[in-house]
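**Q** Can you look at this prediction? I've put the sequence above it.
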2 protein chains.
Amino acid sequence: MTATLLSPSRRVRRTPFSHGVEAAGVTAYTVYNHTLLPTVFESVEADYRHLKTHVQVWDVSCERQVQVKGPDARRMIQFLTPRDLSKLTPQKCMYIPVVDQYGGMLNDPVLLEVAADTFWISIADGDFLQWALAVAACKGFDVDVSEPDVSPLGIQGPMADELAARVFGDGVRDLRFFGCGRFAFDGVPMLIARSGYSKQGGFEIYVEDSALGMPLWEALFAAGDDLGVRAGGPNLIERVEGGLLSYGNDMTRENSPLECGLGKYVSDSQLETCFGGRALREERAAGSRQMIRAISIEGDLPGCDRVWPLFAGGACVGQVTSATWSPDFGTNVAIGMVAREYWDAGAILEVETHEGMRRATVEAAFWI
Amino acid sequence: MTATLLSPSRRVRRTPFSHGVEAAGVTAYTVYNHTLLPTVFESVEADYRHLKTHVQVWDVSCERQVQVKGPDARRMIQFLTPRDLSKLTPQKCMYIPVVDQYGGMLNDPVLLEVAADTFWISIADGDFLQWALAVAACKGFDVDVSEPDVSPLGIQGPMADELAARVFGDGVRDLRFFGCGRFAFDGVPMLIARSGYSKQGGFEIYVEDSALGMPLWEALFAAGDDLGVRAGGPNLIERVEGGLLSYGNDMTRENSPLECGLGKYVSDSQLETCFGGRALREERAAGSRQMIRAISIEGDLPGCDRVWPLFAGGACVGQVTSATWSPDFGTNVAIGMVAREYWDAGAILEVETHEGMRRATVEAAFWI
């Protein structure tokens, strides 16, 4: 794909931070949950280098919340996911696969318990709101389902703790991975989790009122000036090195969570009762036919904007769905699905990019 | 919003026609149903002039199909929409609002009966597939719900009949508005409807196999060379002049179909039994509080990439959600929702654009 512009319209929603993003010189977006997601400021590689050495503020408002509120909220959400939620507390959020009746991934959100009988499902790209609304109505759960005015803002990078502590106080340093709590900004207690879509560490702040967006944005930039804080966003190179899967890229409704390497979030105890549990039980018993793998690729690569089939001996044995050059690891890093017979580390395959065949190797693990 | 690039990724899906679109010099896209939708080739205004005088081929693959197939398919779809489907036949497609339990618009698709017990819901932007999957499973309808390999291609403009007839035969000229039938291309019978997202007239071809996409694209361009055929797409100016609503822009889940002026597609006979019927019944009895209106606006306008509130005497009385300069009508044309007290033609309002207040007038009708 050659460089093309993104047409503006109300349908592609701006966010509470869009003014800041524009002032920071955004050069590219993607569209995610009908919302602008900034992807590039200086360049993908310059943003990557900065992310791995400094701290960035990310407008990830596109992670919309599906709020489920009411006496049946917990019971309904446990029905929606194969992950056992008994350890969910207001102090700890959880990554939960959600699947359809065929066991296919509908989304891979983070679940937060934000108040009594009130939960937020912080979603990847896809209108899971429609799923939740329909299940609530058809099954008669006593809940309200809505999309509240909540816009996550990320602080990511090795200096994330320092920057967050300057604005929210040192208490935020004590959060453990996927721990969450409330910390005051300008007298307003904000829900903050130690989470985010990078391997560099950091936080996501669930800003519950659009009007607070730009004041918080500006406070973070003012506090982080000497830290070299910049605006950023999910970075292709960094996320592929780290093996962070992207719903819609590396997994779709065609895939089960087991195939996606998310088996630890599929609890045997839930498979009798949860949505799609039967299909997952059968797959677990039989073994998955394919699995997500780290893959290195030789040679020059075009941008991976479509599925690239993987071949072994002329037969299609999988596909690559994200790929990019990694400056730090000196190889092309990629994420793909590989058939069982070929998924062991060291397997040599061929990948058909849209600019020709390249040699690919199944790796034992992601790069970081 | 300043001009920014769209980042490529597999998640933003290419289409069977993407090669043709790129070769034709696409300069801007939007993202619609996780799919690339070309929006600009030469310029919005040049594309508009060409659309109104010649014929264009549109890659509208982003109109994805939700296929509902099985013994309960018709019964389930009748449950999903307040429109009486008794007149649906394989020879006539229907525009159907679909609403949630609160009566809010979930989508405004076109419904086609494509075979025995097989229907396509050709959707606007939004994962209505998730809604349909959930309803099917939770209510126990005996159906399969899927997204098939079907990619609509539009032929739009005053010369659309001529171009379509050259490729599919003169029979296609006999289709009436929203009529549909099968016409052969290269020996393959293709489903064609007289429909499309412009007021210039034309057809949509539901290409049922991605491999046929580029051969059809090329055949249309070869056949239409002397007609001045070009690649195009839904055009902001033309659609606002014509009052073609855009889901996500002019209506969202916050709106009922009655507010959207779609009351003629809400059948009293269905409101006892269909999803969301109760809310619609109550609204119809009480009268809608606001309604879609054509609105003209004075002065220079920025691009309408966000909601612009409408004011009367300092009070907010509605909003504009699409607006643009119309060269043919010599005014800024707009679509908005206006509160009952102000929705009569001639009402003078103020609209707050993000570059200041402008004088707005409620019009009696759209411009074409």
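**A** Looks like it came in fine.
**Q** and the helix or strand harbouring residue A:214, what's its mean pLDDT?
**A** The secondary structure element spanning residue A:214 is helix A:213-223 (assigned by DSSP states H and E). If you average the pLDDT over helix A:213-223, you get 98.
**Q** Now find how far off-centre that helix is within its chain.
**A** 24 Å (C-alpha atoms, centre = their mean, to the nearest Å).
**Q** Then stretch A:66-80?
**A** Relative to the chain's own centre, stretch A:66-80 is displaced by 21 Å; criterion: C-alpha atoms, centre = their mean.
**Q** buried sites along it?
**A** Under the neighbour-count criterion of 16 or more other C-beta atoms under 10 Å in any protein chain shown, stretch A:66-80 has A:66-70, A:72-74, A:76-80 buried. Bear in mind the C-beta positions are built from the backbone N, C-alpha and C, glycine included.
**Q** ok, now stretch A:10-25?
**A** A:10-18, A:20-22, A:24.
**Q** Among the buried residues of stretch A:66-80, which lie within helices?
**A** Per DSSP state H, helices hold the following members of the buried residues of stretch A:66-80: A:73, A:74, A:76, A:77, A:78, A:79, A:80.
**Q** how much space between the residue located most distally from the centre of chain A and residue A:13?
**A** Distance from the C-alpha centroid of chain A, by C-alpha atoms, centre = their mean, peaks at residue A:313 (34.3 Å). According to C-beta to C-beta, to the nearest Å, residue A:313 stands 47 Å off from residue A:13.
**Q** Same check on residue A:218?
**A** In this view, residue A:218 and residue A:13 are 21 Å apart by C-beta to C-beta.
**Q** Can you show me the helices along the stretch 251-368 of chain A?
**A** A:277-286 (DSSP state H, counting those that start in this stretch).
**Q** Okay, now the unreliable bits of it?
**A** Residues of the stretch 251-368 of chain A meeting the criterion pLDDT under 70: none.
**Q** Run through the residues of the stretch 201-350 of chain A sitting next to chain B.
**A** With C-beta under 8 Å from any C-beta of the partner chain as the criterion, the stretch 201-350 of chain A meets chain B at residues A:236, A:246-249, A:275, A:303-307, A:321-322.
**Q** just the buried members of these?
**A** Buried among those (16+ other C-beta under 10 Å): A:236, A:246-249, A:275, A:303-307, A:321-322.
**Q** thinking again about what came up before, just curious, which of the ones in helices among the buried residues of stretch A:66-80 is nearest to residue A:298?
**A** Closest approach between those and residue A:298, by C-beta to C-beta: residue A:80, at 42.0 Å.
**Q** Just give the closest residue to that closest one, not the sequence neighbours.
**A** Closest residue to residue A:80 in three dimensions, ignoring its sequence neighbours and counting by C-beta to C-beta, 6 or more residues apart in numbering or on different chains: residue A:98, at 5.3 Å.
**Q** Could you pull up the residues touching the one you found?
**A** Residues near residue A:98 by C-beta atoms under 8 Å, 6 or more residues apart in numbering or on different chains: A:80, A:81, A:105, A:106, A:107, A:108, A:109, A:121, A:128, A:131, A:275.
**Q** tell me which residues form a beta bridge with it?
**A** Taking DSSP bridges as the rule, residue A:98 bridges to residue A:107.
**Q** Look up how far chain B lies from it.
**A** Going from residue A:98 to chain B by C-beta to the nearest C-beta, to the nearest Å gives 10 Å.
**Q** Report the closest residue of the stretch 151-300 of chain A relative to chain B.
**A** Among all residues of the stretch 151-300 of chain A, residue A:248 sits closest to chain B, at 3.4 Å; criterion: C-beta to the nearest C-beta.
**Q** Return the residues in contact with that residue.
**A** Applying C-beta under 8 Å, 6+ apart, the residues near residue A:248 are A:124, A:125, A:126, B:9, B:10, B:11, B:34.
**Q** Need the per-residue pLDDT for it.
**A** Predicted confidence (pLDDT) for residue A:248: 98.
**Q** Kindly provide the distance from residue A:316 to residue B:70.
**A** Counting by C-beta to C-beta, the gap from residue A:316 to residue B:70 is 30 Å.
**Q** no wait, residue A:266
**A** The gap separating residue A:266 from residue B:70 is 28 Å, by C-beta to C-beta.
**Q** Residue numbers of the stretch 51-200 of chain A in contact with chain B?
**A** Residues of the stretch 51-200 of chain A lying close to chain B (C-beta under 8 Å from any C-beta) are A:100-101, A:106, A:125-128, A:130-131, A:133-139.
**Q** Of these, which is the most crowded?
**A** When those are compared by neighbour count (other C-beta atoms under 10 Å in any protein chain shown), residue A:106 ends up highest, at 29 neighbours.
**Q** okay but that one is in contact with residue A:100, surely?
**A** Yes: contact criterion C-beta atoms under 8 Å: residue A:106 and residue A:100 qualify, at 5.4 Å.
**Q** what sits against residue A:304?
**A** Taking C-beta under 8 Å, 6+ apart, one finds A:320, A:321, A:322, A:323, A:324, A:334, A:353, B:9, B:10 in contact with residue A:304.
**Q** again, only this time at 7 Å
**A** A:320, A:322, A:323, B:10 (C-beta atoms under 7 Å, 6 or more residues apart in numbering or on different chains).
**Q** next one: residue A:20
**A** A:214, A:217, A:231.
**Q** Please list all residues in contact with the first one.
**A** For residue A:214, the contacting residues are A:16, A:17, A:19, A:20, taking C-beta under 7 Å, 6+ apart as the criterion.
**Q** Tabulate these in TSV, adding columns for pLDDT, secondary structure and distance to residue B:159.
**A** Output for those, formatted as TSV (pLDDT from 0 to 100; DSSP: H, G, I helix; E, B strand; the rest coil; distance: C-beta to C-beta, whole Å):
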residue	pLDDT	secondary structure	distance to residue B:159
A:16	98	coil	46
A:17	98	coil	46
A:19	98	helix	44
A:20	98	helix	47
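**Q** give me the low-pLDDT residue ranges for the stretch 1-150 of chain A?
**A** Short version for the stretch 1-150 of chain A, where the test is pLDDT under 70: A:1-2.
**Q** I'd assumed residue A:191 was in contact with residue A:183.
**A** No: between residue A:183 and residue A:191 there is no contact under C-beta atoms under 7 Å: 8.5 Å.
**Q** Distance from the chain centre to stretch A:63-74, please.
**A** With C-alpha atoms, centre = their mean as the basis, stretch A:63-74 stands 19 Å off its chain's centre.
**Q** Any chance you could list what contacts it?
**A** Outside of stretch A:63-74, the residues within contact range by C-beta under 7 Å, 6+ apart are A:33, A:76-77, A:117-123, A:128-129, A:132, A:141-148, A:150, A:152.
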